[in-house]
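Q: Give me coordinates for this.
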Amino acid sequence: QVHLVESGGGLVQAGGSLRLSCVASGSIFNIAYMGWWRQTPGNERESVAQAIQGPSIFYRDSVKGRFTISRDDAKNTVYLQMNDLKPDDTAVYYCKMIIQTQDTRAPREYWGQGTQVTVSS
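A: You can find the predicted model right below:
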């Protein structure tokens, strides 16, 4: 069984910074994809930043230059450094990983429980 646990959300003023972390635990063979998504009430979940094994990094346009995703494969962890936060960044942030376990080796999608980020103006 694989579990993703996120940490680092909170309340911050506009212009401030936060760092999110997400660690995967369990019988892990390989993590091909690590990413951060976010969701606000009444809206679909949207991709914020993605780190694909290789590595290839992708950001949504609105966070380019402000957010940085990084992954530590030795620790099965992905980070999101968020700088110059804006009220529009307020959302629940979820980490997503595509993981092959030691048992099946079949890639499967896993999500964290979500962490609230609130940016006040």
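Q: mind listing the strands in this protein by residue range?
A: 3-7, 10-13, 18-25, 28-39, 46-52, 56-59, 67-72, 77-82, 91-101, 108-111, 115-120 (DSSP state E).
Q: can you put those strands in CSV and add mean pLDDT?
A: Shown next, in CSV, are those (pLDDT from 0 to 100):
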stretch, mean pLDDT
strand 3-7, 96
strand 10-13, 98
strand 18-25, 98
strand 28-39, 97
strand 46-52, 97
strand 56-59, 96
strand 67-72, 96
strand 77-82, 98
strand 91-101, 97
strand 108-111, 97
strand 115-120, 98
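Q: which of those strands is buried the deepest?
A: Of all the strands of the chain, strand 77-82 carries the top mean neighbour count, a mean of 23, counting by mean count of other CB atoms under 10 Å. Where C-beta positions appear, they are placed from N, C-alpha and C, glycine not excepted.
Q: Now do the same contact list for the residue nearest the centre of the chain.
A: In the chain, the C-alpha nearest the mean C-alpha coordinate belongs to residue 36, at 2.7 Å (CA atoms, centre = their mean). Listed by CB atoms under 8 Å, 6 or more residues apart in numbering, the contact partners of residue 36 are 20, 22, 47-50, 69, 78, 80, 93-96.
Q: Alright, that wraps it up for me.
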